[in-house]
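Asks: give me a model of this one.
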Amino acid sequence: MAQVKSGDRVKIHYSGAFDDGTVFDDSKARGPLEFTVGAQEVIVGMEEAIIGMSPGESKSERIAPERAYGASNPEMTVEVERKHIPSDMEPEVGHQVKITQDDGSTIVAQVIGVTKEHVTLDANHPMAGKELIFDIELLEIVGA
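Replies: Prediction:
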């Protein structure tokens, strides 16, 4: 039976969860995920987990932060004076905000702290620094 190798296009169903069992994503509700192994369309840990699988096979894979969204970088967390926040915005912990950088590009940050004088923003990926557990079912190898 065929086994997945780098360069193959595959279809999978997967469910992703954190260590505490909280499910953060599940493909069954929206249909299979299709991607090319090695094309960096998904996190590297997912690509590595798929290699060697055969259609119909299922597995559970624990993926370390380095093979997922990376470690949380403290330099991506900043404290901003409230005077730099638009007056029509009332920041709340958990909200996401777009920040325009000096070069005109934008990044998304999450509000992680609010005081009368400051707002603390975290521009790390929301899953940075977290181990992820994926239950993966290889549906088919679409092609190479």
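
Asks: so for stretch 14-26, what gets flagged as buried?
Replies: By neighbour count on 16 or more other Cβ atoms under 10 Å, the buried set for stretch 14-26 is Tyr14, Ser15, Gly16, Ala17. In this view, the C-beta of every residue, glycine as well, is placed from N, C-alpha and C.

Asks: name the residues that touch it?
Replies: Stretch 14-26 is contacted from outside by 27-28, 33, 46, 127, 130-137, using Cβ atoms under 8 Å, 6 or more residues apart in numbering.

Asks: quick one: buried ones out of the residues you listed?
Replies: Ser27, Leu33, Met46, Met127, Lys130, Leu132, Ile133, Phe134, Ile136, Glu137.

Asks: what pairs with the strand or helix carrying Ile12, and is each one parallel or antiparallel?
Replies: Here Ile12, judged by DSSP states H and E, is contained in strand 9-17. Partners of strand 9-17 in the sheet, by DSSP bridges, are strand 23-26 (antiparallel), strand 33-36 (antiparallel), strand 132-143 (antiparallel).
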